[in-house]
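Participant: pasting the sequence and the predicted coordinates here, then a few questions.
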Amino acid sequence: MKQISHFILLLVLITPSYALINEIMYNPVGSDIGHEWIEIYNGQNTQINLSKWKFYESGINHGLTLKQGVFLLQPDDYAIICDNSSSFLSAYPDFSGNLIQSSFSLSNTGENLVIKNEFGEVVDNIIYSNSTGGNGNGFSIGLVNDLWKETIPTPGKANVPKQESNTNDTNASNNVLDENKTNETLEEMENQNSLIQIIDAPSSAYFGDLIYVTFFVYRGNTSKYAIYTYVKNEDSTVSSKNSTHFKTKFANSTFTVPIQLNSKCYDEGSYSIVVEGLDTKDEKLISLMNINDCNIEKIEEKTISGKKFVYELVSKPDYVHIGDEFEIQVRIETSEDTNLVIWSYVYRGSKCYSGERESNAKSVSLKAGSTEMITLKNSVIEGDPGDYKLKVKIQKDDLKTLKEITTNITVVSAEQTVAFQQDISNQDKAPKESSTNTEKTTNKISGMKDVTCESIIVYESTQQKAERLVVYFMLGLLASTTIFLAFKKLN
């Protein structure tokens, strides 16, 4: 294990004052090919046009090809020169800055890098060494207070020293090292707590998006090694919950992980990206929006005494396959201590198509003023493709009168999926028109008896249509033949 001589628990953003070559990723983890890059920073008060500049590596001249953004760097702006733009964007999917591709291969021990302008004049000339750090351990090297240090990779952003940590302070006047901090020995470091710091994450997204979060980790003296990343608000988790294992004590690293946001309807607004584990955590706000208008089934009851009980169907699939399991989510909010049993099933007419009606029943206890997101698993065991009803029932505090939510759900067979998705896609592309025939689902609180309703076929395969037409044709032919024979006999 390499000895780490410093560890200061303050991550400070440092903005360079005038440097041009500002950050170098010369030996990334794994293969170097396609993953090396250098960062250019314009610290001047005027624009810089890189279109005719040259990049020299150990005396070898490399041209520059623009892949994203512009060549013209504004003051306090950045550009990345990489050896493979596709690989770079795959490693840093949230990067949206100026990206330039060149042909080079950086030495893992160190070498001379030079930038020349269109007149052949040397603009910047540096010699880096692997003794600075960033040698295959996931870190880069960058300028911090005019000194080259090991840094957390932040292409297109201010440099973040590896051994410091407070990315929330973006005030340049505050971005200085605390001179009162003393160097800590390895033995002292081993008593430090773990640290997780979110470095890069989107500030906004849509439900259903795949987002990427980059975070810095230092594992201290803890037996835990799992790190979890997800998105939530006060009520529920609205994304996948991914786990990352970091099994080396008294070491640090940087991770970029994907988080799949649920493609369901939720309240739009502020949510939190959470990275937690190793007995610590960090959070970052993100604004989430729905892609389409959401019709959320919601019922709110208020008693004479002012007590509130809210239950709403938050998410459900638009269509399901016969035999496949699917999930729905019901949100319940109460102003008093509540015990309830909740279940759901799919039915049409008086028949249930999910097996026993209460087979997925759950018992839930809620404290006064709390909110609970309940997931129920369902399936359609048998039945023909078509339009069905999904019913949610809630028995509250052993009361005989049940709370209900009823909505439409479409059942399709496996072979109909492609055609069904195409049908939905065409409907989405068609202009919206108001119609008096649009079906609106209403939720009513009723007794324990199921609602028996007429169903309509919202999807019918070509084969089904043909079979139905053959029956009608044969009946018509039989009727015509009977009339013809009767008429002939009379004559």
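Facilitator: Arrived safely. Numbers count the residues shown, from 1 in each chain.
Participant: show me where the stretch 1-150 of the chain has its strands.
Facilitator: Using DSSP state E, counting those that start in this stretch, the strands of the stretch 1-150 of the chain run over 11-12, 21-25, 37-41, 48-49, 54-57, 60-62, 65-68, 72-73, 78-82, 98-101, 112-116, 122-127, 140-144, 147-152.
Participant: so for residue 406, which of these sits nearest?
Facilitator: Residue 406 lies closest to strand 65-68 among the strands of the stretch 1-150 of the chain, at 50.2 Å (CB to CB). Every residue, glycine included, has its C-beta placed from N, CA and C.
Participant: same for that closest one, what does it pack against?
Facilitator: Contacts defined by 3 or more CB pairs under 8 Å, 6 or more residues apart in numbering; DSSP states H and E place strand 65-68 against helix 85-91, strand 98-101.
Participant: can you lay out the strands of the stretch 1-150 of the chain as TSV showing distance to residue 353, mean pLDDT and mean neighbour count?
Facilitator: Output for these, formatted as TSV (distance: least, CB to CB, whole Å; pLDDT from 0 to 100; neighbours: other CB atoms under 10 Å):
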stretch	distance to residue 353	mean pLDDT	mean neighbour count
strand 11-12	56	33	21
strand 21-25	57	93	24
strand 37-41	56	94	27
strand 48-49	68	90	16
strand 54-57	66	87	18
strand 60-62	66	84	12
strand 65-68	52	94	15
strand 72-73	63	91	18
strand 78-82	55	95	24
strand 98-101	53	94	22
strand 112-116	68	88	18
strand 122-127	71	85	14
strand 140-144	58	90	27
strand 147-152	54	89	21
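Participant: let's have those in TSV, adding distance to residue 368.
Facilitator: What follows is those, written out as TSV (distance: least, CB to CB, whole Å):
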stretch	distance to residue 368
strand 11-12	41
strand 21-25	53
strand 37-41	54
strand 48-49	62
strand 54-57	65
strand 60-62	68
strand 65-68	54
strand 72-73	58
strand 78-82	52
strand 98-101	54
strand 112-116	65
strand 122-127	64
strand 140-144	52
strand 147-152	45
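Participant: among these, which is nearest residue 321?
Facilitator: Comparing the strands of the stretch 1-150 of the chain by CB to CB, strand 65-68 comes nearest, at 40.9 Å.
Participant: ok, that closest one: who's next to it in the sheet?
Facilitator: Under the criterion DSSP bridges, strand 65-68 sits next to strand 98-101 (antiparallel) in its sheet.
Participant: name the residues that touch the partner strand?
Facilitator: Strand 98-101 is contacted from outside by 50, 64-71, 73, 77-85, 88-89, 156, using CB atoms under 8 Å, 6 or more residues apart in numbering.
Participant: now the angle between strand 147-152 and the strand or helix carrying residue 260, please.
Facilitator: Assigned by DSSP states H and E, residue 260 falls within strand 251-260. Relative orientation of strand 251-260 versus strand 147-152 (axes from the mean of the first three to the mean of the last three CA atoms, to 10 degrees): 50 degrees.
Participant: neighbouring strands - and their directions - for the following helix or strand past strand 251-260?
Facilitator: Scanning forward in sequence from strand 251-260 by DSSP H and E, the next helix or strand is strand 269-277. Paired strands of strand 269-277, with direction, are strand 226-232 (antiparallel), strand 280-289 (antiparallel) (DSSP bridges).
Participant: residue 323: which of those is closest?
Facilitator: Nearest to residue 323, of all those, is strand 226-232, at 30.3 Å by CB to CB.
Participant: off-centre distance for the closest one?
Facilitator: Averaged C-alpha coordinates place strand 226-232 at 11 Å from its chain's average position (CA atoms, centre = their mean, to the nearest Å).
Participant: how about residues contacting the helix or strand that it is followed by?
Facilitator: Note on strand 226-232: by DSSP H and E, the next helix or strand toward the C-terminus is strand 242-245. Defining contact as CB under 8 Å, 6+ apart, one finds that strand 242-245 is touched by 225, 226, 227, 228, 229, 230, 255, 257, 258, 259, 277.
Participant: look at the fourth one and report its pLDDT.
Facilitator: Just to be clear, that refers to residue 228. Residue 228 is assigned a pLDDT of 91 by the prediction.
Participant: could you find the closest non-adjacent residue to residue 324?
Facilitator: What sits nearest to residue 324 in space, not counting adjacent residues and going by CB to CB, 6 or more residues apart in numbering, is residue 379, at 6.4 Å.
Participant: contacts only, for that neighbour.
Facilitator: Residue 379 neighbours (CB under 8 Å, 6+ apart): 320, 323, 324, 325, 326, 354, 355.
Participant: helix or strand for it, which one?
Facilitator: Applying DSSP H and E as the criterion places residue 379 in strand 371-379.
Participant: show me what the very next helix or strand once past that strand is packed against.
Facilitator: Using DSSP H and E, the helix or strand that follows strand 371-379 in sequence is strand 386-396. Counting contacts by 3+ CB pairs under 8 Å, 6+ apart, strand 386-396 packs against strand 308-315, strand 325-334, strand 338-348, strand 403-412.
Participant: let me have those strands in TSV, extended by mean pLDDT.
Facilitator: Below are those laid out as TSV (pLDDT from 0 to 100):
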stretch	mean pLDDT
strand 308-315	83
strand 325-334	88
strand 338-348	90
strand 403-412	84
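Participant: just put the ones you listed in TSV and tack on distance to residue 205.
Facilitator: Listed next are the helices and strands packed on strand 386-396 as TSV, based on distance: least, CB to CB, whole Å:
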stretch	distance to residue 205
strand 308-315	17
strand 325-334	19
strand 338-348	29
strand 403-412	27
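Participant: right, and these - which one's nearest residue 286?
Facilitator: Comparing those by CB to CB, strand 308-315 comes nearest, at 18.9 Å.
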